[in-house]
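> sequence and predicted model, in that order:
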Amino acid sequence: MDINHYISSGVLESYVYGLLPDDEVAEVEAIALQYPEVKEIVEDLQFQKEEFVKCYAVTPPPEIKARLMLIIRNESTPEGELILPQELRLNNPVPQPPVSTPVVKMNTANRNKNERRWKIVAAAAIGVFLVSVGITFFFASDSNDYKARYEQLIAAQKQITADKELESNQTASLQESEEDKKLIKDPNVIWIKANGYGAHPDGAVTIGWNPASKAVYLINWRLPMPPEGKQYHLRTITDGKPADAGILEISPSSNGKIQHLKTATTPQTFVVTLEPTGTTGAPSQAEIYQVVELNQ
Amino acid sequence: MDSSSTYTEQELVDGLRSRNQKIFSYLYDQYSSTLYGVVVKVLNDRALAGDVLQDVFLKIWKNIDQYDEERGRLFTWMLNICRNTAIDVLRSKSHKLDQKIQNITDDVHVKNEPLVVHMQVDHLGFSKVLEHLSKDQRNLIDLAYYKGCTQEEIARVLDIPLGTVKTRMRTALNQLKQFVKNIDK
């Protein structure tokens, strides 16, 4: 055989790129075993092809790996086998009824008895066969929806993760409220419910002040949501001079929770005002909502 | 094998054979994007490609005992499983040559636009090389490898004599090889 002619015919390239019919594939593989130079060229071409296909690499969606790992983790269980595509089930997923084929001792002396035993064996075999046919049909129809099963499993897994997150969030807010409780019970903090003012007669917040640490706290109970472009400020007034004590957070989740504001050294009065967003210095267009007098 | 791998080829094979899930996970991380790229290019259908990729990795996991080191590297084996599975799905999807050709012409449009859409950065060098091939040469490789066309089908689609399909394949790949050599230098 003229091996150089064979090599230059392009048959090896065609082999590596899947262009050859089965009979020619077998031929190339046989020749590669026989001629090391052919084998080397084939390996080079394979390597080159692998570089070529890497050019088109696309990252697959992450759920595919999650699904695969789930299948593999459960593969030794009947459920795990069931979610595999049919042709990949190596083990029969169904625990077969124990095949109780009786061991029949050859007994030439009692031929009739022997025949009867064989009849029992045959009946048992037919019975086992029928049961396994039934089971096969049952699971064949069942396996058709294995994709739906994956999705159910994945959905269940997501739900569990989501539940865990929710749980940890709740734990966090519980811890928060534990701290709130401590502060409310703290004998150093003076807690006073605010009074309404002017057009807003209802008390809507509670203000706390710690004369030792000078810390200022506020709990909003029912201040209305500020209109767009406006926000609530807490201001302290000492000897007629107002000072900024911070901006209030108004949201359903913050209602009833303690907000930490700016410290105040000798406040005499606290006021909650509604002011245009971005007000920093002295309140010029403030609308007073709440007032607390500290009568120390 | 990438030089950055922390496992040797033998360790990967042994790990798969001993049903080591960590090794499987590593194998997936290393090769899934290349294999997914093949499936996507064969099928032109990302939703379907996901299912096929999953089947490919399950086949690798389940059939590792059929892998024979004597006959080639692990990745070569994996890539064969991948390409053949995808081609089988493509064939079951469209028996008609017309549909296959339709897919190819769609591909050609995509490729005439920026070729590098799906390319990974570390392979930009190689993809530049691909641009040196003529459109017919690229189509020849795509039809054979990614669409599983026979020589007869290729001869008809590209309108070339049947007897020249193999030699043209050789010319195209030789050219590719030369350009790669130049890059490596």
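On my side now, so go ahead. Numbering: from 1, shown residues only, chains lettered A, B, ... in the order given.
> surely A:S213 is in contact with A:H260?
No. In this structure, A:S213 is not within contact of A:H260 by Cβ atoms under 8 Å, at 11.1 Å. The C-beta positions use only the backbone N, C-alpha and C, and glycine is treated the same way.
> domains in chain A, as residue ranges please.
Residue ranges for each domain of chain A read A:3-54, A:190-293, as given by automatic domain parsing.
> rank the ones you listed by pLDDT, which is bottom?
Of all the domains of chain A, the minimum mean pLDDT falls on domain A:190-293 (a mean of 87).
> all strands for the stretch 101-250 of chain A, in order.
A:190-193, A:195-196, A:205-209, A:216-220, A:230-238, A:241-247 (DSSP state E, counting those that start in this stretch).
> as PDB, could you dump the C-alpha coordinates of the fourth one?
Taking Å, rounded to 0.1, in the frame of the first residue of the first chain, the C-alpha atoms of strand A:216-220 are listed here in PDB:
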ATOM      1  CA  VAL A 216     -31.400  60.200  69.900                       C
ATOM      2  CA  TYR A 217     -33.900  57.500  68.900                       C
ATOM      3  CA  LEU A 218     -37.200  57.700  67.100                       C
ATOM      4  CA  ILE A 219     -40.000  55.200  66.400                       C
ATOM      5  CA  ASN A 220     -42.400  56.100  63.700                       C
END
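> the nearest residue to A:T206 once chain neighbours are set aside and chain B: what is the separation?
What sits nearest to A:T206 in space, not counting adjacent residues and going by Cβ to Cβ, 6 or more residues apart in numbering or on different chains, is A:I219, at 4.6 Å. Computed as Cβ to the nearest Cβ, to the nearest Å, the A:I219 to chain B distance reads 50 Å.
> neighbours of A:I219, how many?
21 (other Cβ atoms under 10 Å in any protein chain shown).
> contacts only, for it.
The contact partners of A:I219, taken as Cβ atoms under 8 Å, 6 or more residues apart in numbering or on different chains, are A:V205, A:T206, A:I207, A:G208, A:G256, A:K257, A:I258, A:Q259.
> who does the second one bridge with?
A:T206 forms beta bridges with A:K193, A:I219, as assigned by DSSP bridges.
> OK, contacts around it?
A:W191, A:I192, A:K193, A:A194, A:L218, A:I219, A:W221.
> where along the chain do the helices fall?
Looking at chain A here, since you left the chain open. Ranges of helices within chain A are A:3-8, A:11-16, A:22-34, A:36-54, A:62-73, A:78-82, A:111-143, A:146-185, based on DSSP state H.
> actually it's chain B I care about, not the one you picked
Taking DSSP H as the criterion, chain B carries its helices at B:9-17, B:21-43, B:46-62, B:74-93, B:97-112, B:124-131, B:135-141, B:151-158, B:165-184.
> confidence score at residue 165?
I went with chain A, as the question did not name one. 71.
> that's the wrong chain, I meant chain B
The per-residue pLDDT reported for B:V165 equals 94.
> before we move on, the earlier item: which one of the contacts of A:T206 is nearest chain B?
Relative to chain B, the closest of these is A:I219; by Cβ to the nearest Cβ it sits at 50.1 Å.
> what is the burial count for B:I81?
There are 19 residues near B:I81, going by other Cβ under 10 Å.
> ditto for the one 10 residues further on
Number of residues near B:R91 (other Cβ under 10 Å) recorded here: 12.
> surely it touches B:C149?
No. Between B:R91 and B:C149 there is no contact under Cβ under 8 Å: 10.6 Å.
> from A:L223, how far off is B:S92?
Distance, B:S92 to A:L223, by Cβ to Cβ, to the nearest Å: 66 Å.
> more neighbours: which of the two?
The neighbour count for B:S92 versus A:L223, taken as other Cβ under 10 Å, is higher for A:L223 (20 against 8).
> what residues are up against that one?
A:A204, A:V205, A:Y232, A:L248, A:I250, A:V272, A:Y289, A:Q290.
> tell me the phi and psi of the fourth one?
Right, the one you point to is A:L248. phi -90, psi 150 (degrees, to the nearest 10).
> for it, which non-adjacent residue is closest in space?
A:Y232 (4.1 Å).
> what about the one you found, neighbour count?
Using other Cβ under 10 Å, A:Y232 is surrounded by 24 other residues.
> okay, and the beta partners of it?
Taking DSSP bridges, one finds A:L274 as the beta-bridge partners of A:Y232.
> state the distance from A:Y232 to chain B.
51 Å.
> for A:V53, same thing?
5 Å.
> what do you get for A:S14?
Distance, A:S14 to chain B, by Cβ to the nearest Cβ: 5 Å.
> ok, that residue - contacts?
A:L20, A:E24, B:A144, B:Q151, B:V165, B:K166, B:M169, B:R170.
> put together TSV for these, with distance to A:R116 and neighbour count on each row.
Shown next, in TSV, are those (distance: Cβ to Cβ, whole Å; neighbours: other Cβ atoms under 10 Å in any protein chain shown):
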residue	distance to A:R116	neighbour count
A:L20	60	21
A:E24	59	15
B:A144	65	24
B:Q151	65	20
B:V165	69	24
B:K166	68	20
B:M169	70	26
B:R170	72	19
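> hmm, back to that, need the strands of the stretch 101-250 of chain A in a markdown table (columns: distance to A:L153).
Listed next are these as a markdown table, based on distance: least, Cβ to Cβ, whole Å:
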| stretch | distance to A:L153 |
| --- | --- |
| strand A:190-193 | 52 |
| strand A:195-196 | 57 |
| strand A:205-209 | 49 |
| strand A:216-220 | 45 |
| strand A:230-238 | 48 |
| strand A:241-247 | 48 |
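> that older thread, wait, which of the helices of chain B is closest to A:Q285?
For these, proximity to A:Q285 was assessed by Cβ to Cβ; helix B:46-62 is nearest, at 57.0 Å.
> alpha carbons of the closest one, as CSV, please.
Output of helix B:46-62 as CSV, limited to C-alpha atoms (Å, rounded to 0.1, in the frame of the first residue of the first chain):
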residue,chain,number,x,y,z
ARG,B,46,-30.2,26.8,22.7
ALA,B,47,-33.1,25.4,24.6
LEU,B,48,-32.7,22.0,23.0
ALA,B,49,-28.9,22.2,23.3
GLY,B,50,-29.2,22.4,27.1
ASP,B,51,-31.1,19.0,27.2
VAL,B,52,-28.6,17.5,24.8
LEU,B,53,-25.6,18.7,26.8
GLN,B,54,-27.1,17.1,29.8
ASP,B,55,-27.5,13.8,28.0
VAL,B,56,-23.9,14.0,26.8
PHE,B,57,-22.5,14.4,30.3
LEU,B,58,-24.7,11.6,31.6
LYS,B,59,-23.4,9.4,28.8
ILE,B,60,-19.8,10.3,29.8
TRP,B,61,-20.6,9.5,33.4
LYS,B,62,-22.4,6.2,32.6
